[in-house]
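*Asks:* Below is the sequence, then the predicted model.
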Amino acid sequence: MKDGLIEAVALQQLECFDAGVKFAKSEGIIAAPEATHAVAQVIREAEQAKKEGKSKTILFNLCGHGFVDMQAYEDYFAGILNDHSFTEDELKNGLKEIVDLQPE
């Protein structure tokens, strides 16, 4: 972040599960739900590079398989999962709680 080499990106749950399904179909690996966030961003980066006509090497870390999280994928396919956005107040209050928990 400091050197501009990486950046944090927030992605919605449904996009991430969609990316996880695409990854499983193309690579034969079921990514853990938390790892699908990286997969979704890689797909975004690859699509952007293709749109710009650039050749890009994209490196990411796949931190786990989703074998113990199959219920989450079942919920995704059943349409039970939803995206969620936090309001500015919810974010501020959540961050305040984290800061308040820090030892002095």
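*Replies:* All right, it came through fine. None of the values given here were measured: they were computed from a predicted structure. Residues are numbered from 1 along each chain as shown.
*Asks:* Span of stretch 79-98 from start to end?
*Replies:* Using CA to CA, to the nearest Å, the end-to-end distance of stretch 79-98 comes out at 32 Å.
*Asks:* what sits up against that stretch?
*Replies:* Gln12, Gln13, Leu14, Glu15, Phe17, Ala72, Asp75 (CB atoms under 8 Å, 6 or more residues apart in numbering). For glycine as for every other residue, the C-beta is placed from the backbone atoms N, C-alpha and C.
*Asks:* Got a quick PyMOL command for the buried subset of the residues you listed?
*Replies:* This is the PyMOL syntax for the buried subset of those, where burial follows 16 or more other CB atoms under 10 Å:
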select buried, resi 13+15+17+72
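*Asks:* Out of the contacts of stretch 79-98, which one has the lowest pLDDT?
*Replies:* Ranked by pLDDT, the contacts of stretch 79-98 bottom out at Ala72 (87).
*Asks:* quick one: which helix or strand includes that residue?
*Replies:* Here Ala72, judged by DSSP states H and E, is contained in helix 70-77.
*Asks:* And the residue nearest the centre of the chain, how far from Glu52?
*Replies:* Against the mean C-alpha coordinate of the chain, by CA atoms, centre = their mean, the closest residue is His37 at 1.4 Å. Going from His37 to Glu52 by CB to CB, to the nearest Å gives 23 Å.
*Asks:* ok, now which ones touch Leu59?
*Replies:* No contacts exist for Leu59 under CB under 8 Å, 6+ apart.
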